[in-house]
Each structure stands twice: as C-alpha cells, then as structure tokens.
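**Student:** Got a predicted model here, sequence first, then my questions.
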Amino acid sequence: MTPNELARELGYSGVAIRRWLRNQSRRPESEKWSRWIMTPEDERAVREAFSARTASPIRQSRSERITPESTAGEAWEYEGNVVAAVARFLTAAGWSVEFIADTRAHELGNDIRATLGDRVIRVEAKGWPSLGYADPRRSAEKKRTNPNTQAVHWYATALLRVVRDIGLHPQHEVAIALPDKPRYRVLLSETQASLRRLGIGVFLVCVDGSVQLYLATQGQTTDRTVKAQIDRTVARSK
C-alpha cells in the first residue's frame with residue numbers, strides 16, 4: 001500500500017502521511033527515488049498515529065488539510081517550490097487547496113487542485129531544467145540537453161495536460177504555473193493568443209517566491225464559446 005492510498009482510506013492528505021513517515025525516518029535512503037510502498041510495519045504505525053488525531057486541524061476543513069511548503073535545498077525555480085508558491089497564492093486569495101502533488105515522488109494527476117465556492121481550478125506546474133541530474137546516482141553527470149531547449153518540451157507537456165483537462169473537466173478552470181524565466185516569457189508571448197482563446201490561466205513565480213497572475217482563467221466562458229463554434233462548424237458541414 002502507498003501513502004496516498006492509506007491517506008484516502010484514513011481521510012487525510014497524502015502529504016501529511018508522507019511527512020510523518022519522513023519524520024520517523026522510515027524510508028531507506030536507497031529507496032528515495034523509487035515508488036513509495038509501505039511495509040506492513042509502516043502501515044500499522046501510521047494507522048496508530050493518525051487514529052488518535054480525530055480532532056487534528058488536518059481533518060477540520062478542506063482548506064487546512066494542505067500546508068504548502070517550499071522544498072529545502074532546492075533552487076527557487078524547482079517545480080516543487082513553484083507548486084508551493086502558487087498554492088500559497090491561491091490560499092491567500094481565498095481558495096481551498098484540496099490537493100498538492102508530491103513532486104519528488106512524481107505523483108500523477110494535477111499538481112494543484114483548489115476550490116472557491118462552486119469554482120474548481122486545476123493547475124499544472126513546471127520548474128526550470130537543471131544542468132545536472134536530481135538522482136544522486138547520476139549527480140556527477142551533466143545533462144546533454146540545454147535547459148532552454150528542454151524548457152520548450154516541458155512547456156509543451158504542461159499545455160497538453162491542461163488541454164486534456166479542458167476536455168475531461170469542461171466546467172473547471174485550468175492554469176499552468178512556471179518560474180519567471182526569460183525563455184518561458186518568450187513561449188508565453190508566442191502562445192498568448194491561444195492561451196486566451198482556450199481560457200488557460202498562467203501563474204509566474206518570481207525568485208522571491210511571489211506570484212504574478214500573467215493570464216486569468218476564463219474556463220467556463222471559453223467552454224461555452226468553443227462549444228458554440230464547434231456546433232456552428234458541424235452545422236455548416238451537414
């Protein structure tokens with residue numbers, strides 16, 4: 001069983017379970033970069049620890065379940081720090097952050113999911129490519145791909161994921177979050193018209209951790225507009 005699976009069963013966030021396990025030093029260093037599968041002993045320890053927390057603030061409200069934290073020892077443009085900064089920004093704006101992906105564990109799904117009344121926003125984040133490898137086994141190696149080149153691929157991946165979300169969750173708002181880097185600025189400028197037309201928001205995280213809303217989301221309005229355009233195109237083709 002993974003920490004996320006047990007978290008769903010117990011009604012806690014996966015972040016809280018993983019943080020508790022790390023504090024207990026229950027994961028061997030050799031397994032740091034692999035998928036986290038708990039031992040039966042780990043599972044029993046978590047159940048015992050969290051069963052006594054029924055009054056804990058982590059279960060009182062959705063907005064208190066997630067505590068976005070920056071990743072110590074990582075550069076400001078690291079994806080996990082971008083996620084944490086945008087989560088704090090959304091929380092300060094009144095959103096309830098329901099889910100934050102574990103960047104180090106390569107957790108699947110949206111990087112951030114938050115709600116504000118009947119609104120839902122899904123955010124896909126990317127960091128800035130490093131010159132070296134994060135895997136300590138390859139720490140002495142240097143990546144062959146130039147960061148500016150790799151950033152284009154990362155940006156394209158982020159766009160593909162939010163476009164998929166538009167199709168899967170047409171009533172939700174979508175956005176991408178990026179560190180404020182010149183290369184990303186150029187890519188945003190080149191694709192800004194398309195981003196606006198699709199209603200994709202953009203958050204830019206600065207070196208001091210502050211967040212700029214580069215483009216606002218327009219998910220619901222855009223969804224109706226695109227549907228109307230598709231309907232007219234289908235009607236003309238008949």
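**Tutor:** Yep, it's here.
**Student:** Tell me the buried residues in stretch 93-104?
**Tutor:** Burial within stretch 93-104, assessed by neighbour count using 16 or more other C-beta atoms under 10 Å, is assigned to 95-104. To be clear about C-beta, it is placed using only N, CA and C from the backbone, and glycine gets the same treatment.
**Student:** for these, which one is nearest residue 155?
**Tutor:** Among the buried residues of stretch 93-104, residue 103 lies closest to residue 155 (C-beta to C-beta), at 17.0 Å.
**Student:** and the residue lying closest to the closest one once chain neighbours are set aside, how far is that from residue 125?
**Tutor:** Spatial nearest neighbour of residue 103, excluding adjacent residues (C-beta to C-beta, 6 or more residues apart in numbering): residue 80 at 3.7 Å. Distance, residue 80 to residue 125, using C-beta to C-beta, to the nearest Å: 9 Å.
**Student:** Of these two, which one has the most company?
**Tutor:** Legend: neighbour count by other C-beta atoms under 10 Å for residue 80 and residue 125, higher for residue 125 (27 against 20).
**Student:** so how far is residue 10 from that one?
**Tutor:** Computed as C-beta to C-beta, the residue 125 to residue 10 distance reads 27 Å.
**Student:** just residue 130 next, same as before
**Tutor:** For residue 130, the distance to residue 10 - C-beta to C-beta - is 35 Å.
**Student:** now swap in residue 212 and tell me
**Tutor:** Distance from residue 212 to residue 10, by C-beta to C-beta: 37 Å.
**Student:** what does residue 213 give?
**Tutor:** 35 Å.
**Student:** Please parse the protein into its domains.
**Tutor:** Split into domains by automatic domain parsing, the chain comes to 3-58, 71-226.
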